[in-house]
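A.B. asks: make a model of this:
(6 chains)
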Number of protein chains: 4
Amino acid sequence: MPKISDEKRAARRAQILEAAWLCFQKQGLQATTMDDIIRASGLSAGAVYSYYPSKEELIVAAVTTSLIGLQERVEPILRSAPPSPDLFVEKITQAISDFTTRESYDLKRIALLGWSEAQRNERLRETIRGFYLAFRARLADVAVSWCNAGLLRKSASTSDVAKVVLAEILGFVVQSALLGDVEPRDMARGLQDLAAVEVDDGP
Amino acid sequence: MPKISDEKRAARRAQILEAAWLCFQKQGLQATTMDDIIRASGLSAGAVYSYYPSKEELIVAAVTTSLIGLQERVEPILRSAPPSPDLFVEKITQAISDFTTRESYDLKRIALLGWSEAQRNERLRETIRGFYLAFRARLADVAVSWCNAGLLRKSASTSDVAKVVLAEILGFVVQSALLGDVEPRDMARGLQDLAAVEVDDGP
Amino acid sequence: MPKISDEKRAARRAQILEAAWLCFQKQGLQATTMDDIIRASGLSAGAVYSYYPSKEELIVAAVTTSLIGLQERVEPILRSAPPSPDLFVEKITQAISDFTTRESYDLKRIALLGWSEAQRNERLRETIRGFYLAFRARLADVAVSWCNAGLLRKSASTSDVAKVVLAEILGFVVQSALLGDVEPRDMARGLQDLAAVEVDDGP
Amino acid sequence: MPKISDEKRAARRAQILEAAWLCFQKQGLQATTMDDIIRASGLSAGAVYSYYPSKEELIVAAVTTSLIGLQERVEPILRSAPPSPDLFVEKITQAISDFTTRESYDLKRIALLGWSEAQRNERLRETIRGFYLAFRARLADVAVSWCNAGLLRKSASTSDVAKVVLAEILGFVVQSALLGDVEPRDMARGLQDLAAVEVDDGP
DNA sequence: GATGAATGAGTCTTCATTCAT
DNA sequence: AATGAATGAAGACTCATTCAT
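C.D. replies: Predicted coordinates for the structure are as follows:
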């Protein structure tokens, strides 16, 4: 077999990653054996190792690619004129749910696995950290646009709003993965109800 | 008639669980070896196994006990007249943070580990599921009380409000564990800002 | 099984080392698999690894123990009033040969394996180096005693004599291991013949 | 009719062998992987295998070629009127040292590796054995010439003298490879001192 | 002829669990 | 009841060799 083309090579990498995803979400990151992935990929051990030099690399790649895939789906929503917070959260969570449905694996489950793994894998931790920090920065921008649009009072702390919105999105992911009975629409409704709350305004 | 008293037995179990917690949060659930736990507990392998017949049992016990510990701290807040949503979320997240600070282990990290493990461990999954469903039911009760107190409009979906509030709490846990820069007070402020939003009321 | 006695522990280590020796000299250091040693030792993999934490450790132990065994046999010869060089070399090489015959393994073959391995194993290299340097220092002492006894001229370089004597011993080991037809007596005879040489005395 | 000329073919073989030598002396025979050699040679796996059908073949070739190279350098010394034993040994060991210095690899290290490998590789063992036996036969011839020249007494056992001289040469190789502080001149001096020894003549 | 991707048996090592003492 | 040495089935990874292109 002579030199393989770049596309072929990328396809092989994708094929292996796909196999890894399937195994990971079924059995978890650590509990998945390389043999599971090798068998699922249809390749030989040597071939898999020639594309990903270690299990850790495969784990990092699986989680990182998930994050990138998520980013790609969320980006257009962040870019477009963001609607009110409740509809915004609905759109984002819907994008996350859609991702899961369309692709062969569940983004939310991979997310939970990644968070867990991040606690003992510094590289993964930094990758995930960087991703969420960047995402939250984008959410803060969105909060600013809400202020400008008069949806949020001028005195609002956009960084705190971003923290809450991120919490709502991450909390949706957790709840959806563990309980499976939460829909984006539910989030929107609950947020609308909460937005109609009477609050004692802080200082 | 056992040679060892019940209290002694309970104390030993607690000692082992303590050791397991420390190891689990440092290294993760799967990556922690029984030998790690055995050494940390100061007991012999046989002794540990006589109290917990398998590693899985220890994992389930560690996660379950964490959930119970959390419940104990959250219960009084649920019981007491709950304040407005933003202050309520602040109180709950504060209780979670306090738990971490006071005890020798980090509840939030154990939570993430437990969620991840739940995906391949049915027993753990059901335990966690049951816990969060019960917790969410309590949150729905709180939402009802908010309705009654006029803090929430009568038409509010208390179940959806509960979903959102749970998401905010879980999302705080995730964000705090991964990014470490989110305080209960931030959540409260962000929620206040969001509650002052102008929304198109749904039907 | 409760705590094992120190003797028992030492016996087990010896049992494993014995097995390793047999395998090593039959197949070489690298080509011997841990499984070979495990099977030869009659223990389980875990047991072997609990005594020697890695194959490298076992290799170093095997070579080091050989060196120590050799030292023990050679020491009395060094200590006793050394005879003339030819008889001294005969005695030393005889001790090396005897060692091989009496024990279940061939010291000379282990030596060759060790030298080879020393080239890529720094720890082994330093161990072997230290051993031979010490041995050569002892040979220099012997050379001094030969000077004092009038067997060597006063102007003799005892360090060079030590180098030659060590070369003769090591060369005997190589030749004996590879060709198998060299006896200590042959060395003595050859040395006697050479000692009767007419030389142009250097400056 | 081969597509490639014989010279080209020989050049390729030499190129591969050169690469193998470099790897072998750096990492040892077993520890060197075919991939190491392939990369060092700058050729493809298939190409290397078309010239040397197995790793063993390459090992045997590397050792054999070393022996031949050595022979070529030693031959003129054997052929020329050999001086006294001490000067003869100096010349031979000097030739061995020079070989190392001039070529890109260390003959002495390859020698040790070959001896070690010979113990589990019969073919190599026979090659090496044949070489050293032939060399020793030549040394015996030299010993005869010493007798004739009156440098050695008539009663001398030329075969035993050959054994001792070979031991001195091999021992120089070992000592030089492991300790690195032995010069041909040292050997000559030590031998001169030893030749001036007073011995009880054997029968 | 050459290439280098692919193979897969084999390597070292770990670790949950047991059970003789 | 307690101990901790022993077990042995995996697990991650390697590497000599092949063969489709």
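A.B. asks: indicate whether the longest helix seen in chain A makes contact with chain B.
C.D. replies: If you go by DSSP state H, chain A has its longest helix at helix A:122-148. Yes - shown here: helix A:122-148 in contact with chain B (Cβ under 8 Å from any Cβ of the partner chain) through A:125, A:128-129, A:132-133, A:136, A:146. C-betas here are computed from N, CA, C, even on glycine.
A.B. asks: adding neighbour count, distance to chain C and pLDDT, write these out as TSV.
C.D. replies: Putting the residues of helix A:122-148 next to chain B into TSV (neighbours: other Cβ atoms under 10 Å in any protein chain shown; distance: Cβ to the nearest Cβ, whole Å; pLDDT from 0 to 100) gives the following:
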residue	neighbour count	distance to chain C	pLDDT
A:125	16	30	96
A:128	22	34	97
A:129	14	36	97
A:132	19	40	97
A:133	13	42	98
A:136	21	46	97
A:146	25	60	94
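A.B. asks: please convert these to TSV, extending it with distance to residue D:151.
C.D. replies: Below are the residues of helix A:122-148 next to chain B laid out as TSV (distance: Cβ to Cβ, whole Å):
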residue	distance to residue D:151
A:125	78
A:128	82
A:129	82
A:132	88
A:133	87
A:136	92
A:146	106
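A.B. asks: wait, which of those residues is closest to residue C:34?
C.D. replies: residue A:125 (34.9 Å; Cβ to Cβ).
A.B. asks: residues making contact with the worst-scoring helix or strand of chain A on mean pLDDT?
C.D. replies: Least confident helix or strand, chain A: helix A:85-102 with a mean of 90, by mean pLDDT, DSSP states H and E. The contact list for helix A:85-102, computed with Cβ atoms under 8 Å, 6 or more residues apart in numbering or on different chains, reads A:69-70, A:73-74, A:77, A:82-83, A:106-108, A:142, A:146, A:151, A:161, A:165, A:168-169, A:172-173, A:176, A:183-185, A:187-189, A:191-192, A:195, B:194, B:197, B:199.
A.B. asks: tell me the buried residues in the helix or strand hosting residue A:36?
C.D. replies: Element membership of residue A:36, judged by DSSP states H and E, is helix A:34-41. Across helix A:34-41, burial judged by 16 or more other Cβ atoms under 10 Å in any protein chain shown covers A:34, A:36-38, A:40-41.
A.B. asks: ok, now which ones touch residue A:163?
C.D. replies: A:136, B:175, B:182, B:186-187, B:190.
A.B. asks: out of these, list just those in helices.
C.D. replies: Per DSSP H, the contacts of residue A:163 map to helices at A:136, B:175, B:186-187, B:190.
A.B. asks: between the residues you listed, which is closest to DNA strand E?
C.D. replies: Closest approach to DNA strand E among the ones in helices among the contacts of residue A:163 (Cβ to the nearest atom of the strand): residue B:175, at 30.3 Å.
A.B. asks: and for that closest one, the neighbour number?
C.D. replies: 24 (other Cβ atoms under 10 Å in any protein chain shown).
A.B. asks: quick one: contacts for the closest residue to it other than its chain neighbours?
C.D. replies: Closest residue in space to residue B:175, ignoring its immediate chain neighbours: residue B:182 at 4.8 Å, by Cβ to Cβ, 6 or more residues apart in numbering or on different chains. Residues counted as contacts of residue B:182 (Cβ under 8 Å, 6+ apart) are A:163, A:167, B:172, B:175-176.
A.B. asks: how is chain A divided into domains?
C.D. replies: For chain A, automatic domain parsing gives the domain ranges A:1-53, A:63-195.
A.B. asks: want to try a markdown table for the ones you listed, with distance to residue D:94 as columns?
C.D. replies: As requested, the domains of chain A are exported to a markdown table (distance: least, Cβ to Cβ, whole Å):
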| stretch | distance to residue D:94 |
| --- | --- |
| domain A:1-53 | 48 |
| domain A:63-195 | 55 |
